[in-house]
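K.L.:
what follows is a predicted protein model with its sequence.
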Amino acid sequence: MRVLAVASEAVPLIKTGGLADVVGALPGALAAEGVAVTTLLPGYPAVLRALEGAEEIGRFAELPGGAARVLGGRAGHLDLAVVDAPALFERPGSPYLGPGGDDWPDNGVRFAALGAAAARLAVRGGFDAVHAHDWQAGLAGAYLRHSGAQVPVLFTVHNLAFQGGFAASLFPLLGLPAEAFALAGVEFHGGVGFLKAGLWYAEAISTVSPTYADEITTPEGGMGLDGLLAGRADVLHGILNGIDTAEWNPARDPHLEARYDAADPAPRATNRAALCRALGLTASATAPVFGFIGRFTWQKGIDLLLDALPALLSTGGVLALLGSGEAALEARARAAAQGHPGRVGIETGYRERLARLIYGGADCVIVPSRFEPCGLTQLCALRYGAVPIVARVGGLADTVVDANQVALSAGCGTGVVFSPPSAGMLAAALRRGGTLFADAATWPRLQRNAMATDVSWSRSAARYAGLLRAIVRR
């Protein structure tokens, strides 16, 4: 079976978040299931530079924003198709934001062109199905249906919070028939909704964990789309993300000071020391090193962590922070580091080696998200033996087994899970993490359980392949 995947980013070419990790890793996992994936990306400068053996495989005169050609080739392990439209995509920096940090004003046209190119290439290239990812690919299904094409679409929601909503004035630029601007179409609250369109036109919908699939059908988690999602619950599937376990492998990770595996995790101590040196932390052997990697945003709960900092420090532990985001939250995090020298260390931005040292050296990685479609942080933490402390939401609930007394007796705990996502409950979880760390018999077993968790793509890829085959048969 041949599938055209459509997305706005993919590792290792262009990345702003977990979407890129999934889009980059899933084709290799699906290949083992007999599914050949070609990934259609916008022609950003970094993508065009990486494209090997480029040849023109399509030319479209009437895409939104003007004419464009599609180039085919490879980049690393990916078979690529690239929308070469310099006026839309030949821009430096972020794929979505201009130099001032605001959205490019023509993002609606840019990603409509991506969806239109996907629809035409799917038909011209004889693909069996289209797999569209997030709002940037949301119009692919609309263009297919209104052209009369019979290529089925699987639409995957990675984060319902990002919906791609634009003013109604965009609609005349899309090249869709007038009847598409309707409740049973692309219209959403009087404007054009890319994510809403993706959900409406798809033969099947998936999201990145079973619990998140349930959450988004409720008013509390549906972000205004719960009615549509509840109405389509019969075609909504929750399929957990995985990670590339060859790339994320502590036994071979070149970023680590010392490599190790589950059979001999002792070298983690060398990474722990390197992490503390890097951030100026003074750690005790009898108290945990806690880590946080992620965006400093309300969703990710960094404010909850800062509110719960006294509880963390009461364990005798130290905190390593890596990330960036909202200015006010960054300022709070820096103030915490300045107020607790040697106990709290921070680096704003993102540095791959430091992230790997946190996974490979921290005793616990904290993921206090208020909502989390799946989350990759806790999967990497499990793989590296950094015991995750997570809120019981979305994919965090589906991937971490709370180390309560019953689970520990059964030998199946892998982390600390708390609910609801509040500063008080996080504080209790941090204290529990400190208590578990101090238990010399329990902690090594908890680490081994974490590292034994299957965080690969194997089972999830089989589910994706089955879902794609089902919509092709229908």
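P.N.:
Great, that's in hand. All values derive from a computational prediction rather than experimental measurement.
K.L.:
from residue 25, how far off is residue 246?
P.N.:
Distance of residue 246 to residue 25, given as CB to CB, to the nearest Å: 10 Å. For every residue, glycine as well, the C-beta is placed using N, CA and C.
K.L.:
swap that for residue 90, sorry
P.N.:
Residue 90 sits 27 Å away from residue 25, going by CB to CB.
K.L.:
the two: which is more packed in?
P.N.:
Neighbour comparison, residue 90 and residue 25: the larger count goes to residue 25, with 26 against 13 (by other CB atoms under 10 Å).
K.L.:
list the contacts of that one.
P.N.:
11, 242, 243, 244, 457 (CB atoms under 8 Å, 6 or more residues apart in numbering).
K.L.:
I'd say the fourth one and residue 457 touch.
P.N.:
To tie it back to what came earlier, the one meant is residue 244. Yes. Using CB atoms under 8 Å, residue 244 makes contact with residue 457 at a distance of 7.4 Å.
K.L.:
overlap in contacts of those two?
P.N.:
By CB under 8 Å, 6+ apart, residue 244 and residue 457 have these common neighbours: 25, 28.
K.L.:
the more surrounded of these two?
P.N.:
residue 457 (23 against 18).
K.L.:
OK, contacts around that one?
P.N.:
The contact partners of residue 457, by CB under 8 Å, 6+ apart, come to 25, 26, 28, 29, 242, 243, 244.
K.L.:
one more time with 10 Å, if that's ok
P.N.:
22, 25-26, 28-30, 32-33, 240-245, 464 (CB atoms under 10 Å, 6 or more residues apart in numbering).
K.L.:
ok, the residues you listed vs residue 276, which is closest?
P.N.:
Proximity of the contacts of residue 457 to residue 276 (CB to CB) peaks at residue 243, which lies at 25.6 Å.
K.L.:
do you know the pLDDT at the closest one?
P.N.:
In this prediction, residue 243 carries a pLDDT score of 95.
K.L.:
and it, that's in a helix?
P.N.:
No. According to DSSP: H, G, I helix; E, B strand; the rest coil, residue 243 belongs to no helix; its state is coil.
K.L.:
do you know how far it is from residue 45?
P.N.:
Separation of residue 243 from residue 45 (CB to CB): 27 Å.
K.L.:
tell me which of the two has more neighbours.
P.N.:
residue 243 (20 against 14).
K.L.:
OK, contacts around that one?
P.N.:
Shown in contact with residue 243 (CB under 10 Å, 6+ apart): 18, 21-22, 25, 249, 376, 379-380, 382-383, 455-457.
K.L.:
make a markdown table out of those residues and add distance to residue 268, pLDDT and secondary structure.
P.N.:
A markdown table is the format used below for those (distance: CB to CB, whole Å; pLDDT from 0 to 100; DSSP: H, G, I helix; E, B strand; the rest coil):
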| residue | distance to residue 268 | pLDDT | secondary structure |
| --- | --- | --- | --- |
| 18 | 25 | 90 | helix |
| 21 | 24 | 93 | helix |
| 22 | 27 | 95 | helix |
| 25 | 25 | 95 | helix |
| 249 | 14 | 98 | coil |
| 376 | 20 | 95 | coil |
| 379 | 18 | 98 | helix |
| 380 | 14 | 98 | helix |
| 382 | 14 | 98 | helix |
| 383 | 13 | 98 | helix |
| 455 | 18 | 97 | coil |
| 456 | 21 | 96 | coil |
| 457 | 25 | 95 | coil |
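K.L.:
buried among the residues you listed? Need that as a selection in ChimeraX.
P.N.:
This is how ChimeraX selects the buried members of those, with burial counted by 16 or more other CB atoms under 10 Å:
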select :18,21,22,25,376,379,380,382,383,455,456,457
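K.L.:
what about the strands in the stretch 1-150 of the chain?
P.N.:
Here the stretch 1-150 of the chain has its strands, by DSSP state E, counting those that start in this stretch, at 2-6, 36-42, 52-63, 66-75, 78-84, 129-133.
K.L.:
looking at these, which is closest to residue 443?
P.N.:
Checking those against residue 443 by CB to CB gives strand 129-133 as the closest, at 38.5 Å.
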